[in-house]
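Asker: Requesting a structural model of the entry that follows:
(one chain, ligands or ions: 1)
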Amino acid sequence: MSKTQLNVRPIAGALGAEILGVNLATDLDDDMFMPIHQALLDHCVIMFRDQDISPQDQIDFAKRWGGLHKHPFMPGLNSHPEVLEVVKKEDDTHTLGGDWHTDQMFTAVPALATMLYAKETPPAGGDTLFANMYLAYESLSGAMKAMLADARTVNSYTKNKGRAAAMKNDYSDGEPEEYVHPLFRTHPETGRKTLYLSYKGVTRRIDGLTNAESEPILDFLMSHATRPELTCRFSWEPGSLCVWDNRSVMHLAVNDYHGYRRVMHRLTIEGQPIKVV
Ligand code: SIN
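Answerer: Numbers count the residues shown, from 1 in each chain. From the prediction side, this is the model:
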């Protein structure tokens, strides 16, 4: 049992907490990690401010949760291939992750968690929104839960195949294009049920239904899950670091800072095959 008491400050009613007084470059022994891990399970997304960490420090912190995930189509830093540098430049209009999604639902074994570290941030904007998918599930009616209890979603992101092929990496070698995941998944550590979803560019349809049948259900579930009272919003500063649990949150990068640069270092932690419980 850990002896360390963390200073954890929730940032919204639904989810999200800032952890104060931890230096991730120097303080990370087992005693410190245990309550941080518990805070992630309790709050679904945790934030640290004013960190000054190297890519290796970020890797060391991420490895506390498990192995690191190799992104199927995005290259990492030359020095640390596990760390992706996510850059939106002054003249870019597109941002990575600008729709509500759960990381890597378009793979067989989606990431357990994602860790994002802010290197450069715009003077205002560029926040990240998170939605609590436990609450999204729990606030559905009993009839809706019963109707969709055994539903599976079909997930893919076909654009990735082209990018993977262009990079000649492993992902281009004959992987199937579609992955089926439970619509309601059970979190393997907390045992709580969640709604497991991404925007329609990834979560294409409910398995076995026609598009016409499936689309209104998925549209409803997305608007239900992203109601403001089920979300929180994090404003970044250089040195901010966030960890989110992809088994219990969706997230969205707000694309509202055209003309400014935003540079983030991103890591994903390997998940385990999703069990249907
Ligand atoms: C992502 O979807 O992983 C990126 C989130 C962000 O840049 O805020």
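Asker: what about residue 185, how many neighbours?
Answerer: Other residues near residue 185 number 23, with proximity taken as other C-beta atoms under 10 Å. C-beta here means a position set from N, CA and C on the backbone, and glycine is covered the same way.
Asker: Quickly list what residue 180 is bridged to.
Answerer: residue 154 (DSSP bridges).
Asker: Low-confidence regions, this protein specifically.
Answerer: 1-3, 72, 158-176 (pLDDT under 70).
Asker: rerun at 90
Answerer: 1-6, 27-32, 69-75, 94, 96, 106-108, 157-178, 272-277 (pLDDT under 90).
Asker: Flag every residue of it that's near the ligand.
Answerer: Within the chain, the residues that sit near the ligand (C-beta under 6 Å from any ligand atom) are 86, 96, 97, 114, 116, 128, 251, 253, 264, 266.
Asker: mind checking the SS state of the residue of the chain found nearest the ligand?
Answerer: When scored by C-beta to the nearest ligand atom, the chain has residue 97 as its residue closest to the ligand, at 2.3 Å. Here residue 97 is recorded as coil under DSSP: H, G, I helix; E, B strand; the rest coil.
Asker: Got the phi and psi for the closest residue in space to it that isn't next to it in sequence?
Answerer: Of all residues not flanking residue 97 in the chain, residue 253 sits nearest, at 4.1 Å (C-beta to C-beta, 6 or more residues apart in numbering). When read as degrees, to the nearest 10, the backbone of residue 253 gives phi -90, psi 120.
Asker: quick one: contacts for residue 253?
Answerer: 95, 96, 97, 98, 126, 128 (C-beta atoms under 8 Å, 6 or more residues apart in numbering).
Asker: Just put those residues in JSON lines and tack on neighbour count.
Answerer: Below are the contacts of residue 253 laid out as JSON lines (neighbours: other C-beta atoms under 10 Å):
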{"residue": "95", "neighbour count": "18"}
{"residue": "96", "neighbour count": "14"}
{"residue": "97", "neighbour count": "17"}
{"residue": "98", "neighbour count": "14"}
{"residue": "126", "neighbour count": "22"}
{"residue": "128", "neighbour count": "22"}
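Asker: wait, which of the residues you listed is closest to residue 181?
Answerer: Distance to residue 181, by C-beta to C-beta, is smallest for residue 97 among the contacts of residue 253, at 18.8 Å.
Asker: which residues touch that closest one?
Answerer: Here residue 97 is in contact with 128, 251, 252, 253 (C-beta under 8 Å, 6+ apart).
Asker: Assign a three-state SS to the third one, would you?
Answerer: Three-state call for residue 252 (three-state DSSP): strand.
Asker: That one: neighbouring residues, count only.
Answerer: Around residue 252 there are 20 residues (other C-beta under 10 Å).
Asker: can you check the second one too?
Answerer: Summarising burial for residue 251: neighbours were counted as other C-beta under 10 Å, giving 22.
Asker: That one contacts residue 100, doesn't it?
Answerer: Yes. In this structure, residue 251 is within contact of residue 100 by C-beta atoms under 8 Å, at 7.3 Å.
Asker: Now do the shared contacts for those two.
Answerer: Common neighbours of residue 251 and residue 100 are listed as 129, 131 (criterion: C-beta under 8 Å, 6+ apart).
Asker: then stretch 242-249 to CSV, C-alphas only?
Answerer: What follows is stretch 242-249, C-alpha atoms only, in CSV (Å, rounded to 0.1, in the frame of the first residue of the first chain):
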residue,chain,number,x,y,z
CYS,A,242,-2.1,14.9,-19.4
VAL,A,243,-2.7,11.2,-19.2
TRP,A,244,-6.1,9.9,-20.3
ASP,A,245,-7.6,6.4,-20.0
ASN,A,246,-8.9,5.4,-23.4
ARG,A,247,-11.0,2.7,-21.7
SER,A,248,-13.2,5.4,-20.0
VAL,A,249,-12.9,8.7,-22.0
